[in-house]
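Q: here's a sequence, model it:
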Amino acid sequence: MPVPKRRTSTSKRNKRRAHDAIGAHQTVECPECGEPTIRHRACPHCGIYRGRQVVEVED
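A: Got it, this is the predicted structure:
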């Protein structure tokens, strides 16, 4: 069974992991209320997604 000959150094490991960080969510403006909303999710302020009321929101 193949085994690595040398231990992977910390700098080599960290360079490989450089692209693994989680970025910020993409936000768009809600067409109904104008509040910033995460894409492809129901608006938490008005409860509308793709022109339909999908979540009941208390005022």
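Q: nearest residue to residue 33 other than its sequence neighbours?
A: residue 46 (4.4 Å; Cβ to Cβ, 6 or more residues apart in numbering). C-beta: built from backbone N, CA, C; applies to glycine.
Q: can you pull the pLDDT of the residue most central in space within the chain?
A: Nearest residue to the geometric centre of the chain (Cα atoms, centre = their mean): residue 25, 4.3 Å. Each residue has a pLDDT score; the one for residue 25 is 90.
Q: do a quick rundown of the helices in this structure.
A: 10-16 (DSSP state H).
Q: burial count for residue 43?
A: Per other Cβ atoms under 10 Å, the neighbour tally for residue 43 reads 22.
Q: mind checking how far it is from residue 23?
A: 21 Å (Cβ to Cβ, to the nearest Å).
Q: please apply the same query to residue 42.
A: 22 Å.
Q: the more surrounded of these two?
A: For residue 42 versus residue 23, the count of surrounding residues by other Cβ under 10 Å is larger for residue 42: 18 against 5.
Q: give the contact list for the more buried one.
A: For residue 42, the residues meeting the contact criterion (Cβ atoms under 8 Å, 6 or more residues apart in numbering) are 48-49, 54-55.
Q: just residue 54 next, same as before
A: By Cβ under 8 Å, 6+ apart, the contact list for residue 54 reads 42, 47-48.
Q: hang on, the earlier thing: the contacts of residue 42 in strands, which ones?
A: 48-49 (DSSP state E).
Q: residue 38: which of the contacts of residue 42 is nearest?
A: residue 49 (10.9 Å; Cβ to Cβ).
Q: related to what we said a few turns ago, and the gap between the residue lying closest to the residue nearest to the centre of the chain once chain neighbours are set aside and residue 16?
A: If the residues on either side of it in the chain are set aside, residue 25 comes closest to residue 38, at 5.0 Å by Cβ to Cβ, 6+ apart. Using Cβ to Cβ, one gets 29 Å for the distance from residue 38 to residue 16.
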